[in-house]
Every structure is written in C-alpha cells, then in structure tokens.
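**Student:** build me a structure from this.
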Amino acid sequence: MTSEHIQQTVRARVRENPSIMPRSLAEELGVSEAEIIRSLPENMRVEAPAEHFEAIWGEMCGWEKVTFIAVNPGIIVEVPCRLPKGRFGHGMFNLMDKDSPLGGHVFAHKVAQVWLVSKPFFGLESHSVQFFDAEGGILFSVYAGRDESRHVLDSVRVGFNSLRARYEAPAGGAQ
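**Tutor:** Predicted coordinates for the structure are as follows:
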C-alpha cells in the first residue's frame, strides 16, 4: 500500500467518522500509528522536531491540566495532572515533582517524532501532543485537560495553540 493510498484511506475514514482512533486505523491498515497521524488532514496535525522534546515538555508543564496517556499491549494508563518538570540525567529525562501523581523517567532519546494533533474525540474537541519512536510506535501522549463538563480548558487550548503555531508551516508553505 503506497503512502498516497494510505493518506486517501485515512482521510476518507476520518471524514466518515471523525472520532475513529488512529490506533484502530493503524491495526486495520497494517501501518504504524505515526503513519496514520502523518496521513491526517493538514488542519489536524503539525509535526515538531523530536530534538525539541525538552522545550515542548517544559511548555506543557505550564498547562493547567493534562491527561498523560501511555499504552502497552496489556494496559492503557491515564494520569490526569499538571505535568511535572524534568531534567536530563543518567541517560533519561527524569520527572522531578514529588507532589505530582506522574513520576518516573522518560527515555527521551527514543523520541523520533512529535505530533501536535487536533482531532475530535466522540464529538468533543480534543488536542494532544503525541510522541513516537523511530518505527512509528506511540511512546506516550499528553492530552489537553478538560473541565467537569468534559470541555477543553480555555487556558490549555491557548497553550496548545501557541505551541502548535510555533511549528506550523507559513501560509502557502509545504507541509
């Protein structure tokens, strides 16, 4: 299946069902989840350089609330929180806030692709920053936080859009 065919298929499926999960499409089409994100309509995704990981993480630390999501074959872990600050040491990006429910160590050297994605989720506005490895496998995602009525928090939307604008191609530019 060519990249063009994948793109056409993904875009048609997203038009039919805007809430379709990239993971489901990846499994169905036999491609990586990153390839699905890359195939979304341009208004739904912007790629940021993987080497900007630390700056992107730092920017997200200022957001009022996010949901950190990590998936492996046995579990999907969702942690609603304010992202903890981190710093590099001992070959990892170490999460440093002992008061945060999110702790641990990120193997940031494995981040090869970063996508800022704005795609509806079950009829709701949704924004995320998704981190992929060199094979296009998802490492983890950070979703814009929501209020009690499940709407994206205004302050987080502003922060996400500011981050996204930093990496968008200029009007008329190729992407």
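**Student:** how many neighbouring residues does Gly103 have?
**Tutor:** Other residues near Gly103 come to 14 when the count uses other C-beta atoms under 10 Å. No exception for glycine: its C-beta is placed from N, CA and C like everyone else's.
**Student:** hmm, Gln113 and Glu47 touching each other?
**Tutor:** Yes - taking C-beta atoms under 8 Å as the definition, Glu47 is a contact partner of Gln113 at 6.8 Å.
**Student:** quick one, which of those two is more surrounded?
**Tutor:** Higher neighbour count among Glu47 and Gln113: Gln113, with 22 against 16, using other C-beta under 10 Å.
**Student:** show me where this structure has its strands.
**Tutor:** For the chain, the strands defined by DSSP state E cover 45-48, 66-72, 75-81, 86-89, 92-95, 104-106, 113-118, 127-132, 138-144.
**Student:** so in that sheet, which strands flank the second one, and in what orientation?
**Tutor:** Take DSSP bridges as the rule and strand 66-72 pairs in its sheet with strand 75-81 (antiparallel), strand 138-144 (antiparallel).
**Student:** give the buried residues for the last one.
**Tutor:** Think strand 138-144. By 16 or more other C-beta atoms under 10 Å, the buried positions in strand 138-144 come out as 138-139, 141-144.
**Student:** can I assume Glu33 is in contact with Phe140?
**Tutor:** No - with contact defined as C-beta under 8 Å, Glu33 does not count as touching Phe140 (11.9 Å).
**Student:** what about the closest residue to Val114 other than its chain neighbours, how many neighbours?
**Tutor:** Nearest non-adjacent residue to Val114, counting by C-beta to C-beta, 6 or more residues apart in numbering: Ala48, 4.4 Å away. Residues lying near Ala48 (other C-beta under 10 Å) number 20.
**Student:** Ala48 and Glu28, how far apart?
**Tutor:** Noted for Ala48: a distance of 27 Å to Glu28, by C-beta to C-beta, to the nearest Å.
**Student:** residues in contact with stretch 62-70: which ones?
**Tutor:** Stretch 62-70 is contacted from outside by 60, 76-83, 102, 139-146, 153, 155-156, 159-160, using C-beta atoms under 8 Å, 6 or more residues apart in numbering.
**Student:** list only buried entries from the residues you listed.
**Tutor:** Buried by 16+ other C-beta under 10 Å: 60, 82-83, 102, 139, 141-146, 153, 156, 159-160, out of these.
**Student:** among these, which pair sits farthest apart?
**Tutor:** Among these, the pair separated by the greatest distance (C-beta to C-beta) is Leu139 and Leu153, at 24.3 Å.
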